[in-house]
Structure formats: structure tokens, C-alpha cells
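J.: Quick one, fold the following:
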Amino acid sequence: MGLGGGWDGRPYTSEDIRHAETAIEAALAAGITAFDHADIYRYGKSEAGFGEVLARTPGLRRRIVLQGKCGIRLPDGERPGHYDLRGASIRRRVEESLVRLRTDVLDVLLLHRPDPLADPEDIAEALTSLHAQGLVRQFGVSNMSGPRIAFLQAHLDVPLVVDQLEMSLARRDWVEAGVLFDTPAGAANGFATGTLEHCAAQGIRLQAWGPLTRGSLTADPDSPVCRLVTDLAGRKGTTPQTVLLWWLQRHPAGIAPVIGTARPERIAACRDAALREPDLTHEEWYALWVAARGVPLP
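T.: Residues are numbered from 1 along each chain as shown. Have a look, this model is predicted:
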């Protein structure tokens, strides 16, 4: 999302391309080979800038996994922002993304947000066609609950293999939903109970967007969370960013963080999350959770 210049109609510049090259190089050096896109990021310029780098770097496409998303339409004049998972729209957005990315196939396509007006059979027809034509290898969803995934899958022959959700030490509703069941706080949680269990049972990989919360958890050195994260990082010989990602990766759901940043130094700070097993004990994992909650577990 951070590539391609500003959130405006101006084209990307040569400096934006250099920035993209630097970010991609930093990711590869850190052991990161999967890149998450969406057709709306920077109004398509994130994909276009990335495609420019692919065109300039022979062999790079074979080394990486390209994941795209479609289904959100940004506001345009009097047209409000809305969701659009009509089959024809999905196909058109994928074709446009392939052109911008300068590739002939997406490794994974995610449906970005639920569209209440979508016809699941229409979606299924579009995805089946894209798969049969070799334009998309695998499919998944983003920001969807277990029941909605099951509803879509009932109309699909190709499996849904990913669900991307907002998950972090700051956004904990996904992990607290089960723990707070049958407590007064549980009614206010809001997360769709059973989503993690459904994904685990069906072999659907969870991805976490926003796992570093734009640095908010490590911005205040006097906060209990920041102190604990920093202390653990020092004792484990790693970075605070890695500790935050390890907290997600330590969960048995097998969560894959999507780190989001395009800053090379922050990408490099996540290296151990890609190259080392999560080095958190049972008690350390809970200590981070309780510190972030600010109150004891029920």
C-alpha cells in the first residue's frame, strides 16, 4: 500500500520507482517473498509501480508470490465508496491488475470486503473462469467471517485458501472472542465467534493486516506494552517489531503477518519473524496479551 506515490491522480515518478525497488530489495533480504496488493492502493499506482520494477528486474517474478485483492470501489465524484463483488467487476479488476503488474497470473486473489448485494453463484462463475483460464492460481477472502466463507465455498469448486483479517496486539477481538464467551464483556466483543476454528478446520490460512499498528505499540517508551516488548526484544536478541509479529505467529492458527510498511529499515526490523521460529514462551505470550489489555484476564 505504501508504494506508488500519493493517494491522488498524479502519476508515479522515477523517485517512486526507486522507493519501490529499495523496499522490494529490503523484503527479499529479510526473507520475505510474498507481496500483498489491492487494486485500490494509491488508485492503482502501487500495482503499476511494482509492475515497473518487475519489468526492470529479469527473474524477479519467478522468485515471489503476488497476491491481489479486489472488491472495493473508492469514492468518485458523486458516487460513494462501496463494495462490488459482481462477477463482471471481479473479472475486470483482475484483468486491470494484471496489466498494471505486468504479469500474466496472480498467485492469489482475495475478495477484499463482503458485498451484501453479491450473488454467490455470480462470484463462483467469475472465480471459476479466472482459474480455468490460468489468470489466478488460488483464491481467498479478506475481512470475512467463518459463516460467510462457508456460504461462498458452498457455491465454489475451487477452494478458498486465505482469510486476511486485522489482527495485532492492539486489535485482539479475534483472540478474545473465545475467551470472553459467557462473560459480560463478551457481548461487546463483536468478532464472529468460530471464524478461527472454521479456518483451521478447512485449512484456510489466516493473514494479519495491520500487525504493527503503524508503530503505535512501540511509540511510548513509558507504556507497559512498549516496556515489555522492548525488554523481550533485548533478551531474545531481536527487534520490538519482531516480538509483535511473533505474538501473532505463536498462535496455533498459523497466522502470517502482512507487515504493510514500505520503509526499508522497518522491513529489515521484521527479518527475524521471517527467518526464525517465534521465540516466546507460553507465559511471555500471555504477559504481552495482559499488558495490552490493561486488565487481567477473566
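J.: what residues are up against the residue most central in space within the chain?
T.: Among the residues of the chain, residue 209 comes closest to the average C-alpha position under C-alpha atoms, centre = their mean, at 3.8 Å. By C-beta atoms under 8 Å, 6 or more residues apart in numbering, the residues touching residue 209 are 36, 142, 164, 165, 166, 167, 258, 260. Any C-beta I mention is one placed from the backbone N, CA and C, and that applies to glycine too.
J.: ok, and the closest non-adjacent residue to residue 118?
T.: Closest residue in space to residue 118, ignoring its immediate chain neighbours: residue 85 at 4.0 Å, by C-beta to C-beta, 6 or more residues apart in numbering.
J.: so the one you found makes contact with residue 125?
T.: No: under the criterion of C-beta atoms under 8 Å, residue 85 is not in contact with residue 125, lying 12.0 Å apart.
J.: Please identify which of those two sits among more neighbours.
T.: Between residue 85 and residue 125, counted using other C-beta atoms under 10 Å, the more crowded position is residue 85 (25 against 17).
J.: re earlier: and the residue nearest to residue 118, what is it in contact with?
T.: Residue 85 makes contacts with 71, 111, 114, 115, 118, 123, as judged by C-beta under 8 Å, 6+ apart.
J.: Check residue 13 too.
T.: Counting by C-beta under 8 Å, 6+ apart, residue 13 makes contact with residue 5.
J.: you'd agree residue 20 is up against residue 50?
T.: Yes: with contact defined as C-beta under 8 Å, residue 20 reaches residue 50; the gap is 6.0 Å.
J.: so what sits against both of the two?
T.: Common neighbours of residue 20 and residue 50 are listed as 3, 4 (criterion: C-beta under 8 Å, 6+ apart).
J.: What about the closest residue to the residue nearest to the centre of the chain other than its chain neighbours, how many residues nearby?
T.: In space, and not counting its chain neighbours, residue 209 is closest to residue 258: 4.9 Å by C-beta to C-beta, 6+ apart. Counted with other C-beta under 10 Å, residues neighbouring residue 258 total 19.
J.: Kind regards, and thank you for your time.
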